[in-house]
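1. below: sequence and its predicted model.
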Amino acid sequence: MGKVKVCVIMMCVVIFWGCCDCDKTKQSKPVVVGKMSWSDWQKVANWNDYKVDAYSPDADKVEYLRQIIAGRGDIKFKIFAGTWCYDSEVGVPKIYKLFSLIGIDESNIELYGVNRQKVEPTGEAEKYGIERVPTLVILLGDLEVSRIVEYPKQDWETDLLEILSVKK
């Protein structure tokens, strides 16, 4: 019986130690807040990969999105993300890759870093009621028409195409 207790205690110590290491890794990521450009984000976020080579948006959907967006000058995007958030680390580079392929001008994209309480100094996160990140807010002019919260239902290009096809 003594050996079993020792094994259980050792397993608990190993599990606890592993969790502590994970927390330290999360803590080492900077919490960047406020409005910034994608290039500035890349300099300060301390993420491993911004290229997202494995993400290849559907070329036909990209072309449809390009046509929809080119036909309207009033489509804008707000992205709320956390440098500390895994979902943001996975999603935001994909969003920017898609936007680049579509040809969306950076002047039509605003990127906001939020802290763990989803607060940032400009007040935009509060204005839009941001509760989870990443959140992609789609605007026609100044009117919010939809948003994608945390992750898309299908994929970024399909969800965005569905949203923008309806909002013509």
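-> Everything's here; your move.
2. can I see the domain layout of this structure?
-> 1-29, 34-166 (automatic domain parsing).
3. most packed of those?
-> Mean neighbour count (mean count of other C-beta atoms under 10 Å) peaks for domain 34-166 among the domains of the chain, with a mean of 16. C-beta coordinates here come from the backbone N, C-alpha and C atoms, glycine included.
4. distance of Leu164 from Ile95?
-> Using C-beta to C-beta, to the nearest Å, Leu164 is found at 14 Å from Ile95.
5. pretty sure Pro152 contacts Glu162?
-> No. Look at Pro152 against Glu162 with C-beta atoms under 8 Å: they stay out of range, at 9.7 Å.
6. surely Ile79 forms part of a helix?
-> No. Counting by DSSP: H, G, I helix; E, B strand; the rest coil, Ile79 is not part of a helix but strand.
7. pLDDT at it, what is it?
-> Looking at Ile79, its pLDDT is 98.
8. and what of Thr135?
-> pLDDT recorded at Thr135 is 98.
9. identify the bridge partners of it.
-> Applying DSSP bridges to Thr135 yields these beta-bridge partners: Phe80, Val149.
10. who's in contact with the closest residue to Ile79 other than its chain neighbours?
-> Leaving aside its sequence neighbours, Ile79 sits nearest to Leu111 (C-beta to C-beta, 6 or more residues apart in numbering; 4.8 Å). Leu111 makes contact with 35-38, 41, 79, 81, 92, according to C-beta atoms under 8 Å, 6 or more residues apart in numbering.
11. tell me the secondary structure of Leu111, please.
-> Three-state call for Leu111 (three-state DSSP): strand.
12. measure it to Leu98 for me?
-> 14 Å.
13. show me where this protein has its strands.
-> Ranges of strands within the chain are 34-36, 75-81, 109-113, 135-140, 143-149, based on DSSP state E.
14. would you turn those strands into a markdown table with distance to Ser56?
-> Shown next, in a markdown table, are those (distance: least, C-beta to C-beta, whole Å):
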| stretch | distance to Ser56 |
| --- | --- |
| strand 34-36 | 27 |
| strand 75-81 | 21 |
| strand 109-113 | 21 |
| strand 135-140 | 19 |
| strand 143-149 | 19 |
